[in-house]
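**Student:** whatever this is, show me its structure:
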Amino acid sequence: MASPIPLTSGMKSSLLSLQNTEKLYNKTQEHLTTGKKVNKPSDDPAAYYAAATLTDRANALEGRLDNMGQAIQAIKSADNGISAIMSVLNSMTAIVENALSSNEDDGDTRAALGKKFNDLIVQLNGFASDSAYGGVNLLDNDQTIKVQMGQSYNESVFTVQGFHIAGLESAGTDGEVASLATDSVPTSWGAGANEVTNYSFALNKVEDPTSVVGIKGYGTDATGSVGHEIDWRDSATYKDNLSDVLDSIESVQAVLETRSKLLSFDSSTITLRQDYTQQFINTLEEGADNLTLADLNEESANLLALQTSQSLGVQAMSLSNQQTQSILRLLQ
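**Tutor:** Below you'll find the predicted structure:
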């Protein structure tokens with residue numbers, strides 16, 4: 001093996017100084033490039049792992065924000081469905097009031113209005129069925145949304161409770177509508193499931209889920225007060241019958257208004273938690289940054305100082321080499 005090249009003590013000292021400066025120079029460049037003073041555990045183990053813990057918590061909560069946002073959208077979709085249903089109910093009220101103002105012997109006009117009323121009953125169910133979002137319909141079958149709000153799964157869960165609107169998919173060929181079937185409603189309705197056969201559109205009350213409010217359609221096959229149809233043609237009874245229809249529409253509207261309010265309260269609660277979570281995420285990220293981010297002004301100044309130090313080190317090496325060259329000239 002070749003023998004090491006002998007260096008004077010001055011040159012060795014200058015070389016060591018240059019090597020140390022080079023390491024610091026490279027590290028400072030890394031800080032400026034990444035914007036961080038702690039890039040790996042060896043830089044500062046305590047700061048690195050503390051920042052990683054804060055970042056992991058922030059990332060976990062970011063996922064919860066997505067869950068909250070989707071829940072709010074599902075509530076909005078349900079509320080849009082309720083608003084559409086309320087608009088249809090207003091149109092149904094106008095039809096009934098028009099029928100009430102007709103002449104006693106104008107049964108044909110009331111029958112035509114009744115069939116249009118039945119068409120709108122079917123539309124009520126259509127709006128309810130089309131209110132799904134992300135695979136969840138809060139107007140169908142008492143579906144719920146479990147909103148994960150905590151950092152860990154099931155740590156803090158908020159439940160959005162939906163409800164069920166029971167309606168018909170189509171009217172008969174004669175313009176009349178059928179009664180609701182007991183299997184068209186959730187089992188949670190209990191005794192209310194038997195009541196739905198009296199209506200062509202129904203939903204259960206908020207304060208008593210086993211009690212039902214509903215609307216009877218126009219028809220001539222009514223079998224009395226318990227039937228699902230009401231006769232609009234009979235000149236002797238149509239005014240009382242249509243007044244009952246108006247009362248039933250108002251009862252349905254009142255329940256829907258309460259349902260809409262409850263969903264709005266749920267949306268507000270989730271929004272509050274969403275805002276809080278976003279602020280907390282910002283706090284966690286700021287904490288992680290405080291542990292790892294570099295002061296770019298300081299690092300720039302360090303780089304400039306190290307460049308100067310490198311130049312001085314090279315000059316020191318040159319001076320040490322000049323001393324050796326002077327000895328060589330004496331021996332020549």
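**Student:** what mean pLDDT does stretch 265-284 get?
**Tutor:** This predicted structure assigns stretch 265-284 an average pLDDT of 94.
**Student:** from the rest of the structure, what touches it?
**Tutor:** With C-beta atoms under 8 Å, 6 or more residues apart in numbering as the contact definition, stretch 265-284 has outside contacts at 54-55, 57-58, 61-62, 64-65, 68-69, 71-72, 75-76, 79, 147, 149, 158, 160-161. In this view, the C-beta of every residue, glycine as well, is placed from N, C-alpha and C.
**Student:** pull out the buried positions in that stretch.
**Tutor:** 266-267, 270, 273-274, 277, 281, 284 (16 or more other C-beta atoms under 10 Å).
**Student:** again, but for stretch 169-183
**Tutor:** Under the neighbour-count criterion of 16+ other C-beta under 10 Å, stretch 169-183 has 171, 175-180 buried.
**Student:** coming back round to it: now render the buried residues of stretch 265-284 as TSV, adding distance to Ser260.
**Tutor:** As requested, those are exported to TSV (distance: C-beta to C-beta, whole Å):
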residue	distance to Ser260
Asp266	11
Ser267	10
Ile270	16
Arg273	21
Gln274	20
Thr277	26
Ile281	31
Leu284	36
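**Student:** ok, back up a step: and the buried residues of stretch 169-183, which is closest to Thr292?
**Tutor:** Nearest to Thr292 out of these is Leu180 (C-beta to C-beta; 62.9 Å).
**Student:** from Val96, how far off is the residue nearest to that closest one when sequence neighbours are not counted?
**Tutor:** Once flanking residues are discounted, Leu180 sits nearest to Val196: 4.1 Å by C-beta to C-beta, 6 or more residues apart in numbering. Taking C-beta to C-beta, to the nearest Å as the measure, Val196 falls 21 Å from Val96.
**Student:** check which helix or strand covers Leu120.
**Tutor:** Per DSSP states H and E, Leu120 falls inside helix 107-129.
**Student:** buried stuff in the next helix or strand after that helix?
**Tutor:** Where DSSP H and E defines the elements, the next helix or strand beyond helix 107-129 is strand 144-148. Under the neighbour-count criterion of 16+ other C-beta under 10 Å, strand 144-148 has 145, 147-148 buried.
**Student:** now those residues as JSON lines including distance to Asp106 and pLDDT?
**Tutor:** As requested, the buried residues of strand 144-148 are exported to JSON lines (distance: C-beta to C-beta, whole Å; pLDDT from 0 to 100):
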{"residue": "Ile145", "distance to Asp106": "49", "pLDDT": "95"}
{"residue": "Val147", "distance to Asp106": "54", "pLDDT": "95"}
{"residue": "Gln148", "distance to Asp106": "59", "pLDDT": "92"}
